[in-house]
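**Q** Fold the following, please.
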Amino acid sequence: MRTSITSRLNFRLWIHLVGVVLALDILLLVAVSVGIVMYAEHRIAEAVESIGDPRSLSEDSVRLLSISGISVVPLDRDPTGCEIPGLFRRAFPEQTAGGTRWFEFHVEHPVGSGEHLGDAEQALLRRIYNLTYRIELTSDDYSYAVRMTLGPVIRVPMAIFIVLLIAELLAVLRSLSIGGHIIQRTMRPIVELAEKAQSMTTARGPYSPEEIQALAGKLEGITAARLDTRIDVDGAQDELKSVAAAINSMLDRINESYKAQARFVSDASHELRSPIAAIQGYANLLDRWGKHDEQALQESIDAIKEEAANMKELVEQLLFLAKGDSHAMPLHEELINLSDVAEAVVKETQMIDDRHVLESRLTPVHAKADPGLIKQALRILVDNAIKYTPSGGRIVVSVKRSADMAWLTVQDDGIGIPPEAVPRIFDRFYRADDSRARATGGTGLGLSIAKWIVERHGGRIEVLSRQDIGTRISIVIPAAEQ
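**A** A predicted model of the protein is given here:
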């Protein structure tokens, strides 16, 4: 089964602990058993030495031996059982080293109180407590067996061993819970890394240098040329899946940003190349003919001034977007009347444009916003309406409130936008018609700037356009009470 690292590690440590406990118990059992056997060996050796000739053993001696759990039984056969190899006989008493040994259960009646136990438990206790260690010896062609009941010797170690087993069982069971908590605390840095990567992936604000540096070491193998590299999520454990998924998601965003930046640089270079080429061409014209031809001189000066103005506008827009992308553009919010802003834009436009009919439908609506940026966004929409509306066309600027949102709308009856181009009009340097855009002098950055301004105010831009009918673009931002 596929489980988390915490569960698998905790289970493996628990199995290892159980193995260690069982090994120690087995070692303890072996040590206690050897000790009991050696104790019985020495007791039987002492009895054999005190008995002398077992055939002349008196009843009082038999009774005295039985009190200590030792009995002597004559044999009518040769000794049988396990013999001690000659190499190991030195470890056994001299009196019993040559005998044969084996264990037997010779008493069948219950030992001690066991009325509360079942028949099976009582039978087990009888066999354990009546265990006898038997040594068969031969002396002067006379065979006899000396046996010692180990029940009294076994009872204390057995009671201690049972208590130890219960304590070990409780400790092993408790280790499942304690081990899980310890491993979770140990794995906490990985979880925090996952949370940090996830927050960095979903956050809309800027990344701090500390946040970037925290993940830098994890992504050393992924460079700008290999941003399509991804971490295998299916092969990761539960704790690492969130980290891998978060890093992959962040890599997707970085890859898109990297591609967008590359496109932006390419488009900006292309846009700057045209006015620079024009200025260079007119400069060459001046160098050749302008010194003596007043018409060529004036034409070159006018063209250079126009192209320089276009370059200035383009550079200013690029700087604006660069500041916006780096979150270096300050936002000075204050409570403003959006109707006043719209009225100022309409008056300014009427002063410089007399080819269109400008109307205003203004309702006092207040919002907490930066008046300069809102005015700039609205001016961009009005300028676009002027560029793409034929002479004599009508442009309507309106301000209204709907629920908790303020609407600034610019509507024209111009050429409209093709349906396939509407989703892309806010892309930087995008033009629905390059030839028409060159004629109007657009750079393809105005709507991108307007969108950035509106989103920075927590709003959105809605577009409705039909070709040869007109376009309506609305700035929607949160309204405020006066």
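
**Q** At which residues are the strands of the protein located?
**A** 70-74, 82-83, 100-105, 131-139, 142-149, 334-337, 357-362, 366-369, 394-402, 405-412, 460-466, 470-478 (DSSP state E).

**Q** Take those and lay them out in a markdown table including mean pLDDT, distance to Ile301 and mean neighbour count.
**A** Placement of C-beta: from N, CA and C, glycine included. Below are the strands of the chain laid out as a markdown table (pLDDT from 0 to 100; distance: least, C-beta to C-beta, whole Å; neighbours: other C-beta atoms under 10 Å):
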| stretch | mean pLDDT | distance to Ile301 | mean neighbour count |
| --- | --- | --- | --- |
| strand 70-74 | 85 | 133 | 16 |
| strand 82-83 | 87 | 123 | 12 |
| strand 100-105 | 82 | 123 | 15 |
| strand 131-139 | 85 | 122 | 20 |
| strand 142-149 | 86 | 128 | 20 |
| strand 334-337 | 94 | 42 | 14 |
| strand 357-362 | 93 | 33 | 15 |
| strand 366-369 | 94 | 42 | 21 |
| strand 394-402 | 95 | 33 | 18 |
| strand 405-412 | 95 | 34 | 22 |
| strand 460-466 | 94 | 39 | 15 |
| strand 470-478 | 95 | 37 | 21 |
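
**Q** and of those strands, who's closest to Ser7?
**A** Checking the strands of the chain against Ser7 by C-beta to C-beta gives strand 131-139 as the closest, at 44.2 Å.

**Q** so the closest one versus strand 70-74, what angle?
**A** Interaxial angle of strand 131-139 relative to strand 70-74 (axes from the mean of the first three to the mean of the last three C-alpha atoms, to 10 degrees): 50 degrees.

**Q** elements contacting strand 131-139?
**A** Contacts defined by 3 or more C-beta pairs under 8 Å, 6 or more residues apart in numbering; DSSP states H and E place strand 131-139 against helix 5-51, strand 100-105, strand 142-149.

**Q** hmm, back to that, TSV please, covering the strands of the chain and showing distance to Glu313.
**A** Formatted as TSV, the strands of the chain follow (distance: least, C-beta to C-beta, whole Å):
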stretch	distance to Glu313
strand 70-74	117
strand 82-83	108
strand 100-105	107
strand 131-139	106
strand 142-149	112
strand 334-337	26
strand 357-362	22
strand 366-369	24
strand 394-402	21
strand 405-412	20
strand 460-466	21
strand 470-478	21
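
**Q** Indicate which one of the ones you listed is closest to Tyr258.
**A** Nearest to Tyr258 among the strands of the chain is strand 460-466 (25.8 Å), distances taken as C-beta to C-beta.

**Q** Distance from the chain centre to that closest one, please.
**A** Mean-position distance between strand 460-466 and its chain equals 39 Å (C-alpha atoms, centre = their mean, to the nearest Å).

**Q** Which strands or helices does it pack on?
**A** Secondary elements touching strand 460-466 (3+ C-beta pairs under 8 Å, 6+ apart): helix 446-456, strand 470-478.

**Q** Just want the angle from the first one to strand 460-466.
**A** Helix 446-456 and strand 460-466 meet at an angle of 140 degrees, taking the same axes, to 10 degrees as the criterion.

**Q** now for helix 446-456, which elements pack on it?
**A** helix 294-325, helix 371-387, strand 460-466, strand 470-478.

**Q** Out of the ones you listed, flag the one nearest Ile51.
**A** helix 294-325 (105.6 Å).

**Q** From the geometric centre of the protein, which residue sits farthest away?
**A** Ser56 (86.7 Å; C-alpha atoms, centre = their mean).

**Q** rewinding a little: which one of the helices and strands packed on strand 460-466 lies closest to Val48?
**A** helix 446-456 (103.4 Å).

**Q** buried sites along the closest one?
**A** Within helix 446-456, the residues scored as buried using 16 or more other C-beta atoms under 10 Å are Gly446, Leu447, Ser448, Ile449, Ala450, Lys451, Trp452, Ile453, Val454, Arg456.

**Q** Now do the contacts for the first one.
**A** Gly446 makes contact with Gln317, Ile380, Asp383, Asn384, according to C-beta atoms under 8 Å, 6 or more residues apart in numbering.

**Q** ok, for the last one, nearest residue in space, not its chain neighbours?
**A** Leaving aside its chain neighbours, Asn384 sits nearest to Gly446 (6.3 Å; criterion: C-beta to C-beta, 6 or more residues apart in numbering).

**Q** what about that neighbour, distance to Arg379?
**A** 9 Å (C-beta to C-beta, to the nearest Å).

**Q** do the same with Val32
**A** Val32 is 96 Å from Arg379, by C-beta to C-beta.

**Q** which parts of stretch 343-354 are buried?
**A** Residues Val345, Val346, Thr349 are the ones in stretch 343-354 that count as buried (16+ other C-beta under 10 Å).

**Q** and that stretch, how far from the chain's centre?
**A** Worked out by C-alpha atoms, centre = their mean, stretch 343-354 lies 55 Å from the chain centre.

**Q** Likewise for stretch 337-355?
**A** That offset, for stretch 337-355, works out to 53 Å (C-alpha atoms, centre = their mean).

**Q** and if you look at stretch 67-75?
**A** Worked out by C-alpha atoms, centre = their mean, stretch 67-75 lies 74 Å from the chain centre.

**Q** domains for this protein, by residue range?
**A** Domain assignment of the chain by automatic domain parsing yields the ranges 5-185, 189-259, 274-325, 334-478.
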